[in-house]
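Enquirer: Have a look at this prediction, sequence included:
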2 protein chains.
Amino acid sequence: MKKLNLIIIVVVLAASSVQAQISHELWLGEQTPAAVNVVSVKSSPTLEIAKKELQDRFVGTPGSTIRILVDKKGNNDLKTDGYKLDNNTIKAKSDIGALYGAYALLRRQQTGEPVSGVVSNPSYERRILDHWDNLDGSVERGYAGNSIFWHGKDSLAVLPSDRKLWHEYARANCSIGINGSVINNVNASPLVLTDAYLQRVKAIADILRPYGIKIYLSVNFASPVALKELSTADPLDGKVISWWSQKVKEIYSIIPDFGGFLVKASSEGQPGPQNYGRSHAEGANMLADALKPYDGIVMWRAFVYTANDEDRAKQAYAEFTPLDGKFRDNVIIQVKNGPIDFQPREPFSPLFGAMKKTSVMVEFQITQEYLGHSTHLVFLSPMWEECLKSDTYQNGKGSTVAKCTDGSIYDQAHTAIAGVSNIGLDSNWCGHPFAQANWYAFGRLAWNNELASEQIADEWLKLSFHKDAAKMKNNLDYAANWSRHFLQPVKQMMLDSREAAVNYMMPLGLHHIMSANGHYGPGPWWAPKGVRSDWTPPYYHQADKNGIGFDRTIQGSGAVRQYHEPVLSKFNNLATCPDKYLLWFHHLPWNYKMKDGHTLWDALCYHYDKGVKQVRSFQKIWDRVAPFIDSSRFLEVQMKLRYQCANAILWKDACLLYFQQFSRMAIPYDIERPVHMLKDIRADEFKVRIK
Amino acid sequence: MKKLNLIIIVVVLAASSVQAQISHELWLGEQTPAAVNVVSVKSSPTLEIAKKELQDRFVGTPGSTIRILVDKKGNNDLKTDGYKLDNNTIKAKSDIGALYGAYALLRRQQTGEPVSGVVSNPSYERRILDHWDNLDGSVERGYAGNSIFWHGKDSLAVLPSDRKLWHEYARANCSIGINGSVINNVNASPLVLTDAYLQRVKAIADILRPYGIKIYLSVNFASPVALKELSTADPLDGKVISWWSQKVKEIYSIIPDFGGFLVKASSEGQPGPQNYGRSHAEGANMLADALKPYDGIVMWRAFVYTANDEDRAKQAYAEFTPLDGKFRDNVIIQVKNGPIDFQPREPFSPLFGAMKKTSVMVEFQITQEYLGHSTHLVFLSPMWEECLKSDTYQNGKGSTVAKCTDGSIYDQAHTAIAGVSNIGLDSNWCGHPFAQANWYAFGRLAWNNELASEQIADEWLKLSFHKDAAKMKNNLDYAANWSRHFLQPVKQMMLDSREAAVNYMMPLGLHHIMSANGHYGPGPWWAPKGVRSDWTPPYYHQADKNGIGFDRTIQGSGAVRQYHEPVLSKFNNLATCPDKYLLWFHHLPWNYKMKDGHTLWDALCYHYDKGVKQVRSFQKIWDRVAPFIDSSRFLEVQMKLRYQCANAILWKDACLLYFQQFSRMAIPYDIERPVHMLKDIRADEFKVRIK
């Protein structure tokens, strides 16, 4: 018996290692390559990567030839990073463009898309992952293990395992077009600017460079003071200007292609120019001037709000629009998609399109801070697509957020887009196997801001779960079954998943009603004495016996005035305000009659209930696909969907029972009753419940 | 503001005290009495109670007269405890019969049943509550607070609050015909036989006496040894015989109408005659001989099984049937309803009807040890009705368990029935407001073992929730609404509740798969090394890759042979074995085809799922009746139904996920997927989860 047990253990270990490998490979799993020739006149580290990828993964006729043609002067329909694919030929203006073309060729081969007659240019010049990684190795709002970049101050030595991981990270990013990484938290430690840390930054940059990825750093605005080198960080002080100028020079001496700085200033306790009576523009410009000689940029976050009586949703706009035109041309204002903070649903930030003489970039959040961490399956692409396609009307109809930020409308010196990363040391990178799809989707949208989420989900599923393109090609039955029984239902689940989360968390325009610290479970009641009100959910839902919702109409806080007509009137008027933003802009009585005839209270109940039912339907979809995928990912996702469902029920029960105290109306009898007591949920508030 | 707050607090406190009072009153709430004359020729403490109850609670024409006629020699259609009701006259052979008649008259008035032309006799001579109350005040398997009889050895003094409670207890029991109380645990402390404790027993007996209730005590068979008075408890030893004889004499000198002993001997670690090589008959008869001079009886439990290879379900029958005819006529063998131990569903014990020359009594369990404690709403009357109406065929067709125990068939010297009490110090007596219905139902079935559960539920609801008979009588609209919107749906909920519990806990004949210590949640996996197998769930469900169920057929353990034909063949043959006992008697493959065409595995899944759905429907029923009852009971039951639903889901998930490891079949896709992980449930095994 002993021998047999041993064999079983070995087999199990081997299998689980294979499965971990599948997860670790992301969307770049093994192919069955043909022996092809890859021909390139030029050679460079970047082109060598392209060659190797094609040799390792191109599926075609053995002996056929793939040509790589880099021509800096020709290809006038291409931007620097763009590529063309034609008859096994990849054309580009740059080596990195050729590498992007190689990855696109391989991707298209696997997903069954045309590989000829393709011309592709990126929507944004800079496509950046922001890592909220702390130097001690922890990751703020990270749910996939510790940092891949930092292990704490006693572990600055670069190990072979570090290099291997950074290589894999760079390759994955490059394959979807990401070309920048901010490798430390926006709540930045000043230590990152000291030599010991900069040496590690250099090691990372050296590995990322051939993949076309630049390193950026988040900087603490008060760094010269915090490092005890100066007594002030006033951006107009000559010593401060000189300090930053020297620091930037030092950085470029170590990392010649350094990208620039990301700054969270005068926001949530971070120091900034306002500590010295200076404006955001004065602060940003001082840093921009230091970076200018090296073509570095400043990404200056607009995520600012203070504890005053003004509606928090209005503050970024109020602070920044008066500064339009006052920023240096190497400053980009980085604006979160919505006016509050990465909630499951927000209307677009009114800053988009409103700053007409300033470069503005979108900041999305890939890590699921408010969307179920790495437990809930939520495909975020539809949320980002919704934002990018929102029409601001700032320059007439068609002034979408995408067009207001990608240079189509305004003459921006730089265009960029950022996503707050969900990457950590977990062997599957992102915690949840499907969270990889959000990393993938961010890259794809950063490259092409008109892509549809359906297309992205289709690509990702084919790349991540279907490794046998040849089999699919040659066996129509197999391909049809796989498509009907796996691809279609799972894709639909992905596409529905964000709306499901909105339904069971914060439907009808509700926002910021999550638990106080974890940001995972529900916490609409949380409002201890002494905590600033704009950090408490009751500030946002405003529920009382008369009704619920934040009145941001012209009669209310007036936040709606920050939108350009006709958006302003659309949101301001109950008859035209979309249900999905209803309680974002309006405070309405519980018996307010919705367009479908339900009372507001009933509609709220039905939304929460629908969210739960949607997750239950996801569970059924998933259970059915077991035969089509590896058991490791099947079981992991099955487990996470169970926790998600239990958590969705908790959200529903908590919110309905809490709001029912005000509405005093019955939960409609065609939906399930709560299975929790509000008092129990509140007692457990600070524990992470249901994973 | 301060003043207003105070007023609100006072109002709330007053209201909650009123509500606690409602719960404490049980089925004997206040009436609006007319000023009636109650006339009785005789007088006695018992008749004074009858008079007062009628004066306080009779609803009729003011000035009318109610006569009480006690005639020991007449009324030949009445047993000692029986009564007749005719035109405001109560006739009886005894004072207690008259008191039962008074309570019946009041009950019938409130429930709208005829109050004239009524003749009623009890089915059993002795109708007994067994309290598993320990002398330290705790209650074994009690879920309604500590003992109402015992507070520990330092609190033997009888307080006014004790007397008040015992009065209320006696009145409630008397109102439903209960006439005996075993006031200490069957796992008995020998100390109860010492003078200090007997003095407290006397105080209780003195209060219970006018209500016609006798006290019984559980005794430890080794008491003379445990009290260090003898070195043996051998029932054939002269010193032992003499010791018990003296002890019984002492008891009767203190409590002249003492009822007798209840004995758990040679069972689950309790000492018994087998310790001295003597039979159960020799042990019981020794005690019976001591009690005989005082008309005391011995209730000797048949709940015996030892850790051997024999099917536990067979052991009581194997042990006791050879002793048939060897017991004294003041011994009654007390047999649990099923062969194992108060499971949510068991077939009747084969001992019923099999002991033709011995008095046999049924032991039911009112406290919900295996049926959700005081959290789950489970009306047990249908379970008991199912047992009482089960046909043993031991004396031909119609030999029901009821008739085999109430003297209809066999010439028993004594008839009795016992219920293990669910009473504790909780202000509502039983923990769950609806658990009171089980106390009520036991009393009513003990009086009339042919009553239908529907009738009992109807009575209890009318008595417990509808205090305004006059209003109901004079306002047909009110009565109709109350009946349609409260009585009918809530009664249906009660009647369905036990089958729901079977569905979500142990359907299709499964049994004894609860968690090891708590007996509350699921634990089908529990089988630690070193624990005797007949205490572990896998012994009972026998699940393996081939199937599930305990083979007790003729080919299996042969337990089915203990039943009389045609029951034997009915249970033994798959074609005739009822689904509800299927896995009790048969081990069947997972893909066994059920009568409805489902596989066994699918059927199991559908049963668990149905149980969950049933509890959800109970929640809806309950939420709708809020307008008809006091908010205190409404909210308490609403809360408990939530926990019950959550716990039902836990049961379903645990059992399906556990058994799925063997079946390796998919949960049908038309039912909800699990929301728990088996590993999490198992990790939490010893915590009481979900109340």
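Expert: Thanks, I have the structure now. Numbering: from 1, shown residues only, chains lettered A, B, ... in the order given.

Enquirer: For the rest of this, base every contact and every neighbour count on C-alpha atoms.
Expert: Noted.

Enquirer: quick one: the strands in the stretch 101-250 of chain A?
Expert: Under the criterion DSSP state E, counting those that start in this stretch, the stretch 101-250 of chain A contains strands at A:118-120, A:126-130, A:180-182, A:214-218.

Enquirer: Helices of the stretch 151-300 of chain A, residue ranges please.
Expert: Taking DSSP state H, counting those that start in this stretch to define them, one finds helices in the stretch 151-300 of chain A at A:160-175, A:195-208, A:223-226, A:238-254, A:280-291.

Enquirer: right, and A:P347 touches A:G338 too?
Expert: Yes: using CA atoms under 8 Å, A:P347 is in contact with A:G338, at 5.8 Å.

Enquirer: quick one: which of the two has more around it?
Expert: More crowded of A:P347 and A:G338, by other CA atoms under 10 Å in any protein chain shown: A:G338, with 22 against 19.

Enquirer: need the residues of chain A near chain B, please.
Expert: Within chain A, the positions adjacent to chain B are A:616, A:619-620, A:639, A:641-643, A:645-646, A:669, A:672-677 by CA under 8 Å from any CA of the partner chain.

Enquirer: Among those, which pair sits farthest apart?
Expert: The span of the residues of chain A next to chain B, defined through CA to CA, is set by A:M639 and A:Y669 at 30.3 Å.

Enquirer: give me the residue from the stretch 501-650 of chain A nearest chain B.
Expert: A:R642 (4.2 Å; CA to the nearest CA).

Enquirer: and the spatially closest residue to A:V186 that is not a sequence neighbour, what pLDDT?
Expert: Leaving out its chain neighbours, the residue that sits closest to A:V186 by CA to CA, 6 or more residues apart in numbering or on different chains is A:S218, at 5.2 Å. pLDDT, A:S218: 98.

Enquirer: related to what we said a few turns ago, deepest of the helices of the stretch 151-300 of chain A, which one?
Expert: helix A:280-291 (a mean of 23; mean count of other CA atoms under 10 Å in any protein chain shown).

Enquirer: and the next element down the chain from the helix or strand where A:P382 lies?
Expert: Following DSSP states H and E, one finds A:P382 within helix A:381-388. The element immediately downstream of helix A:381-388 (helix or strand, assigned by DSSP H and E) is helix A:401-405.

Enquirer: How far away from the center of its chain is the very next helix or strand once past that following helix?
Expert: Note on helix A:401-405: by DSSP H and E, the next helix or strand toward the C-terminus is strand A:416-420. Centroid separation between strand A:416-420 and its chain, computed with CA atoms, centre = their mean, to the nearest Å, is 7 Å.

Enquirer: Starting from strand A:416-420, tell me which strands it pairs with and how they run.
Expert: Using DSSP bridges, strand A:416-420 pairs in its sheet with strand A:126-130 (parallel), strand A:359-365 (parallel).

Enquirer: which helix is the longest one in chain A?
Expert: helix A:631-663 (DSSP state H).

Enquirer: So for it, mean pLDDT?
Expert: 97.

Enquirer: thinking again about what came up before, go through the residues of chain A next to chain B and single out the one with the most neighbours.
Expert: When neighbours are taken as other CA under 10 Å, the top entry among the residues of chain A next to chain B is A:C645 (27 neighbours).

Enquirer: mind checking the backbone torsions on the nearest residue to that residue once chain neighbours are set aside?
Expert: Leaving aside its sequence neighbours, A:C645 sits nearest to A:V615 (CA to CA, 6+ apart; 5.7 Å). Main-chain torsions, A:V615, degrees, to the nearest 10: phi -60, psi -40.

Enquirer: Would you agree A:V615 is in contact with A:Y643?
Expert: No: between A:V615 and A:Y643 there is no contact under CA under 8 Å: 10.1 Å.

Enquirer: what residues are up against the most centrally placed residue in chain A?
Expert: Closest residue to the average C-alpha location of chain A: A:I366 at 2.4 Å, with CA atoms, centre = their mean. Going by CA atoms under 8 Å, 6 or more residues apart in numbering or on different chains, A:I366 touches A:L380, A:G419, A:V420, A:S421, A:N422, A:N438, A:W439, A:F442.

Enquirer: what would those residues look like in JSON lines with neighbour count?
Expert: Output for the contacts of A:I366, formatted as JSON lines (neighbours: other CA atoms under 10 Å in any protein chain shown):
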{"residue": "A:L380", "neighbour count": "27"}
{"residue": "A:G419", "neighbour count": "24"}
{"residue": "A:V420", "neighbour count": "24"}
{"residue": "A:S421", "neighbour count": "27"}
{"residue": "A:N422", "neighbour count": "30"}
{"residue": "A:N438", "neighbour count": "25"}
{"residue": "A:W439", "neighbour count": "29"}
{"residue": "A:F442", "neighbour count": "30"}
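
Enquirer: Redo these as CSV? Include pLDDT.
Expert: CSV is the format used below for these (pLDDT from 0 to 100):
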residue, pLDDT
A:L380, 98
A:G419, 98
A:V420, 98
A:S421, 98
A:N422, 98
A:N438, 98
A:W439, 98
A:F442, 98
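
Enquirer: Let me know the distance separating A:E25 from chain B.
Expert: Going from A:E25 to chain B by CA to the nearest CA, to the nearest Å gives 27 Å.

Enquirer: The nearest residue to that residue once chain neighbours are set aside: which element?
Expert: Excluding its sequence neighbours, the residue lying closest to A:E25 (CA to CA, 6+ apart) is A:N428, at 7.9 Å. Under the criterion of DSSP H and E, A:N428 resides outside all helices and strands.
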